[in-house]
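Peer 1: From the sequence below, what's the structure:
(chains A and B)
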Amino acid sequence: MQLILAGYLYSGFDGSLSGVNNVETYQFVEQLPWIRLNLGSLGTLEVDYFIGVDGFSILLLLLSALVMLVAVIASWKIDKKLKGFFALMLLLNTAVMGVFVALDFFLFYVFYEVMLLPLYFLIGIWGGPRREYAAIKFFLYTLFGSVFMLLVMVGLYFSVTNPVSGSHTFNLLYMMNPDNYAVGSVFSFVGQYELFGVPARLLGFIVLFIAFAIKVPVVPLHTWLPDAHVEAPTPVSIILAGILLKVGGYGIIRICYSLFPDIAIASAWWIGLIGVISIIYGALNALAQQDLKRLVAYSSVSHMGFVLLGIASLTAEGLSGAVFQMISHGFLSAMLFFLVGILYDRVHDRMIYNFRGLATIMPNYTAFVAIAFFASLGLPGFSAFIAEAFTIIGAFNSEGINGLLPRWMAISGSVGILLSAAYFLWTLQRMFFGNARLKGGEQWQKQLTDVNTREVIALVPMVALALLFGIMPSLTFDKINTSVLTLIELVNKAH
Amino acid sequence: MKEYIPHVSNLLNGVMKGLPFLMPEFVLALTFLLSIFCGLFLKGKSIITWWVTVLGIFSAAGLAVVQIASPAVESIFFGMILPDAHGAWLKLLIAFTCLLFCVFIYYNGALRGHPKKIDDLLSVLLVVHIGLNMMATAVNWLMVYLAIEMVSVGSYIMVGYLARDNKQSEAAMKYVLFGTVCSAVMLYGLSLFYGYTGSLCFIEPAHLMGLLEMPPLVFMVATLFVLTGIGFKLAFVPFHFWTPDVYQGAPTPVTAFLSTAPKIAAIALLGRFVFAWTTVAEAELPLLLFYLLAAIAIASMLLGNLAAMRQHQVKRMMAYSSIGHTGFLVMIVLVNADRSFPILFFFLTSYVIVNMGVFMIADYLEERFGIATMAQYQGLGKSYPMLMVAMTILMLSLIGFPPTVGFVAKLLAFSAVIGSYQQAGSMAWLLLLITGSITTVVALFFYFRIPLNAFLRESKSQIPKFSYNGLAILAILLSLLSLTFGLYPALLLDIL
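Peer 2: Below you'll find the predicted structure:
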C-alpha cells in the first residue's frame, strides 16, 4: 500500500525541479503551523509541520517503502508477540518517512529521535542472546549524537530569522539562506563567533556531522553497528542496513552541507579521509569475520564510506554517485541480510566455517547469494557498479575541479572495491563451493531446504531493481540531477 | 499605646485591602477545620473527610483562577506577600498536585488500612497546601521562613505517618533533624540580611542595594545560609542527603507529593529572589550569587544523574532523578526574568505530571506484588502491556525524549539558556548547557532499566493477573497527557 503511494510519488515527481533551498521547487509540500509559542522576549517559537520532497528524498522514500515491504516479508518467521512487533515496525516506518520529508529542523529532530525507540525495542525484544547490550549500545550512541545536535539546532534557531514574520524559525530552507542569519548571532556567516576558541560554525558543523556519522556509521563511530546487526532479528537488520544508515547520509547532505556550506568546503579533505578510512577499515574487518552477518555488517561500513567520499568531493559526479550508492546499497544490503536470515532461519547458525558446499544442497539459494555478492562488489551491470564508479570519478576529478580531494583518496577508494571483491568471493568459495560438509551433519542437511516462494517473491524485485538501476541509471539520475546541481551551486556560492 | 491609635485605621485598611487576595487560603483553612471535625466526629467514615478535602482544594483552585484574572499589583500585608498572576498559576499547579495526591492516598492500601485512617493525613495536607501557597507568593524573608516551617512540619508528619518499621522511622527522624538544622541555619542567615539592610522584604530595592553593600564575605556566608533553607526544600546539591532515604522510607504517595509540590513552591521562591534583582533593583544578579547557583545547578544535574545509575530501588532512583531535575530548574531560574516564567511553569507542570504518574505505577505494583527494585519489573510488559507502555512513556518524558512533554520542557530550557548565552556570553552558560546534554544521555541509562526489565526480560515466576484500579488508569491518563502536551505544548503555554 505504502509502496504504491511511494511509486505514485516517484512517477509524479518532476525531475526538472531542484528543491534543496527553494520552497517553490519542492514538491508535494505541506505546511501547517504546528507550534506558535509566545515566549516574551524570546520571540515566538515557530515550528511548522513542514514537509516536502526533492531529488534527494524522493528515491530514499521509494527505497524505504520497498525495504519495509521486504522486511515485513522477512518477518514471517517471527512468532513472539506479533502485534507488538508490527506496531513497532509501523511506528518506525512513520518516523523514517518523516525524517526523509521533514523540512523543518524541529520536525526532523522529532522524527529522528522517535526512530530510535521502536528500534531499541525491536532489537531488545526479538533479538539474539546479547540483545540487551546491543540495544542499549545502539541507543546510547545515537542519543549521544543527537543531544548535541539539539543544542546546535537551538543555536541555529536563534541565529536565523524568518524574513516574512520576523521571528526566529526552525525552517530548514530559511536556515540555508545566509541572508536570514542575524548579524552577530552564534552561527552567523559573517563575524567569526568563537566557542572554546573554535569558530562556532565549525563547531556546529562538527557536532552535526558526528551525530549523523554515528548513524552512517563512520569509523571510528561504527562499533555499535556489528553488535546491533548480529543481535537484531532479520527484518530489523534489513531495515537497519537498508534505511537507517541512509538517514545518516541524508542528514549529512540535507543538514550539514546545506546549512554549513562554507565549512563543508573547508573540511572536505577531512571528510574524504574519514570516508576512505571507513572504506578500507570496513573492508579489512569484513575480511576477518567468521560470522556471515558480521561480514555483511562490516561490508556496510565499507560501502557507506563511498557515500561519504562522494559527498566530500562536491562534484556533480561524486554527489550523484553518493546518492546512488545510498539507494543501491539500500536494497543490496537488505537483500544480503535477507539471505543471511534465510540461512539462519533454517539451522540457527551462520558461522562461515560451519558450512561448505552449500551449492549442492541449495542451488537456487546459492544463485541468489552469488547475484547479491556480485552486485555488491560492483560488477558492471549492477547498480553498485554505477554508484561506486561515479563516486570514484567524482573523487578523482575533484582535484581538477575544485581541488578539494587529492587523487590518492580516489585510488584508495578503488582499493576498497578490490578488497570487497576479495571478501565476497572468498566467502562464496568457502561456504558454497566444494563438497557439502556441514557442522550439523545429516540433520542440517534436512533442514536446509531451498528458498521457497515467499522468499523468492521478496528477492526477485530486489535483484530486478539492482539490474534495472545498473543498466538504466538514468532512472535515478534524472530525478536527482537538478537537486545535486543546486546543492553544489549553493555550496560554491558560500565559497 | 496612645501614639499608635492614628495608625490603627491605616493598618486595618492595609489588612482589609489584602484580605480578598487570601481567599484560596481562607477556603483551605476552613476546609482544614472541617476536616478535623469530620475526622473527630465521624469515626470510620474517612470518605467524607476525603470528599471535604477534595472539594476544599477544588474551590481553592477555583479561587486561584479568579486571582489569575485579577492579580495584585503590589505586595499586600505590608510587603509580606505578592499574590500576582504568576503566584496564582503556581497555586493552581500546587492544587492540582494536591488533588492527585488525594486520589493517590484514596487508592493506597497501606494508608487506608492503617488504624490511624487517612483523616489526619488529609488535614495535614491542607495545612501544607496553605504553606505552599504562601511560599509561592511570599516576598518577605519572614513570611518565607514561616511558610517553609509550615510546610516542613507538615511534611515531617507525612513522612512518619505510617512508621511501620525501623526504616520508615529512621527516614522520618532524619528528615526532621536535617530539616530543623537547615531552617535554623537559614534563620541565622536571615538575621544577617536584616542586620545589614534593615529590611526583610526582598522585592524592595533598598533591601537588594543593602545586600550589595554588605562586605562580600558576610554576604557570601549569609547567602549560603539562606540557600541552605531553600536548598533543603528543593533538595539540590549539597543539601540533598536526606532525599534518597526519605523517599525510600516514606509511604509512596507521600514520596510522590514531596518530590513535586514543595519543589514548585521552593523554586518559585528562589525565582522571586533571583528575578527581583533585575526587575525591581534593575541591577545585575550579583556575580557571586550567579556563580553559586550555576555551580549548584551543575553539581545537582551531575550528581543526581550519576548517582541514579547505581540505584536498584525504584524510589531511590527517582529520588536522585529529582535531584537532577532540580538542577535543571535552578538553571532555568538563572535565565532572564521576563522570559523564564512560562518555561519554568511548563517544566514544573511536566515534572508534576510525569513524577506523579511514575509513582502511581510504582505504588500500584508495590501494593500488588511488593515490587520495589527495578529488577523485579521483569516480564511485566507481557502481563501488563498498557501499564508498562505508560511507564515507558513517562520514563521517556523524564529523559526528555520527543514527542513527550519532557522534551519540550528541556528544549525550552535549552533555548532560554542559549538565548542568555548570546546576550551575556559567560562560559557558565555553556557549561550548564553541556552538563544538561550529557546528563540527558546518562539519564537514558537508568531510566530505561525499567522498560528494559519489563519488556526485554522474561519473568522467572508466573505473574498473577489483577485488574487495573483507578490509580493505574489515572497513571495511564497522565502518560497520555504527557504525550498530548508534548505534541501540542501550545495547549498549556498559550494560556499563560
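
Peer 1: Any stretches of the stretch 251-400 of chain B with poor pLDDT?
Peer 2: Filtered on pLDDT under 70, the stretch 251-400 of chain B yields the residue ranges B:281, B:336-339.

Peer 1: Which stretches in it count as helices?
Peer 2: B:252-279, B:287-308, B:314-334, B:337-369, B:380-383, B:385-399 (DSSP state H, counting those that start in this stretch).

Peer 1: Quick check, B:Ile230 in contact with B:Leu269.
Peer 2: Yes: using C-beta atoms under 8 Å, B:Ile230 is in contact with B:Leu269, at 6.2 Å. Glycine gets a C-beta too; all of them are placed from N, C-alpha and C.

Peer 1: So those two - more neighbours on which side?
Peer 2: B:Leu269 (26 against 20; other C-beta atoms under 10 Å in any protein chain shown).

Peer 1: Excluding chain neighbours, what is closest to that one?
Peer 2: B:Met135 (5.6 Å; C-beta to C-beta, 6 or more residues apart in numbering or on different chains).

Peer 1: cool, and B:Asn469?
Peer 2: In space, B:Asn469 is closest to B:Tyr107, 5.9 Å off (C-beta to C-beta, 6+ apart).

Peer 1: Of all the residues in the helix or strand hosting A:Glu442, which ones are buried?
Peer 2: Using DSSP states H and E, A:Glu442 falls within helix A:441-447. Within helix A:441-447, the residues that qualify as buried are A:Trp444, counting by 16 or more other C-beta atoms under 10 Å in any protein chain shown.

Peer 1: helices or strands next to whichever helix or strand comes after that helix in the packing?
Peer 2: Counting by DSSP H and E, the next helix or strand C-terminal to helix A:441-447 is helix A:453-471. Contact partners of helix A:453-471 among helices and strands, from 3 or more C-beta pairs under 8 Å, 6 or more residues apart in numbering or on different chains; DSSP states H and E: helix A:55-74, helix A:316-347, helix A:363-376, helix A:383-401, helix A:474-494.

Peer 1: Pick the most deeply packed of those helices.
Peer 2: helix A:316-347 (a mean of 26; mean count of other C-beta atoms under 10 Å in any protein chain shown).

Peer 1: What angle do helix A:363-376 and that helix make with each other?
Peer 2: Put simply, helix A:316-347 runs at 160 degrees to helix A:363-376, going by axes from the mean of the first three to the mean of the last three C-alpha atoms, to 10 degrees.

Peer 1: which bits of chain B sit near chain A?
Peer 2: By C-beta under 8 Å from any C-beta of the partner chain, the residues of chain B that approach chain A are B:336, B:338-339, B:342-343, B:382, B:385, B:396, B:401-403, B:407, B:411-412, B:414-416, B:418-419, B:421-422, B:430, B:433, B:437-438, B:440-441, B:444-445, B:448, B:451-452, B:455-457, B:488-490, B:493-494.

Peer 1: need the helices for the stretch 1-150 of chain B, in chain order.
Peer 2: So, for the stretch 1-150 of chain B - with DSSP H, counting those that start in this stretch - the helices run B:5-18, B:23-41, B:46-69, B:85-107, B:109-113, B:119-137, B:141-159.

Peer 1: most packed of these?
Peer 2: Highest mean neighbour count of these: helix B:119-137, a mean of 26 (counted as mean count of other C-beta under 10 Å).

Peer 1: so for that helix, what's the average pLDDT?
Peer 2: For helix B:119-137, the mean per-residue pLDDT is 90.

Peer 1: same deal with stretch B:96-112?
Peer 2: 88.

Peer 1: Likewise for stretch A:77-97?
Peer 2: Averaging pLDDT along stretch A:77-97 gives 79.

Peer 1: What's the separation between the residue nearest to B:Leu269 and B:Ile203?
Peer 2: 15 Å (C-beta to C-beta, to the nearest Å).

Peer 1: same deal with B:Tyr175?
Peer 2: From B:Tyr175 to B:Ile203 the distance is 31 Å (C-beta to C-beta).

Peer 1: Who has more neighbours out of the two?
Peer 2: More neighbours surround B:Tyr175 than the other of B:Tyr175 and B:Ile203, with 24 against 19 (other C-beta under 10 Å).

Peer 1: what distance separates the strand or helix carrying that one from the middle of the whole chain?
Peer 2: If you go by DSSP H and E, B:Tyr175 is part of helix B:166-197. Distance of helix B:166-197 from its chain centroid, counting by C-alpha atoms, centre = their mean, to the nearest Å, is 18 Å.

Peer 1: Counting by contacts, list what it packs against.
Peer 2: Using 3+ C-beta pairs under 8 Å, 6+ apart, helix B:166-197 is in contact with helix B:141-159, helix B:205-213, helix B:216-234, helix B:242-249.

Peer 1: rank those by pLDDT, which is bottom?
Peer 2: Lowest mean pLDDT of the helices and strands packed on helix B:166-197: helix B:205-213, a mean of 83.

Peer 1: what's next to stretch B:230-239, contact-wise?
Peer 2: Defining contact as C-beta atoms under 8 Å, 6 or more residues apart in numbering or on different chains, one finds that stretch B:230-239 is touched by B:148, B:151-152, B:178-179, B:182-183, B:186, B:228, B:242-243, B:262-263, B:265-267, B:269-270, B:296-297, B:299-300, B:303-304, B:322-323, B:326-327, B:329-330.

Peer 1: how about the residue in the stretch 251-400 of chain A positioned nearest to chain B, what does it touch?
Peer 2: Using C-beta to the nearest C-beta, the closest approach of the stretch 251-400 of chain A to chain B is made by A:Gly251 at 16.1 Å. Residues counted as contacts of A:Gly251 (C-beta under 8 Å, 6+ apart) are A:Val99, A:Tyr112, A:Leu208, A:Ala211, A:Phe212, A:Lys215.

Peer 1: Pick the one among those residues closest to B:His86.
Peer 2: Closest approach to B:His86 among the contacts of A:Gly251 (C-beta to C-beta): A:Tyr112, at 35.1 Å.
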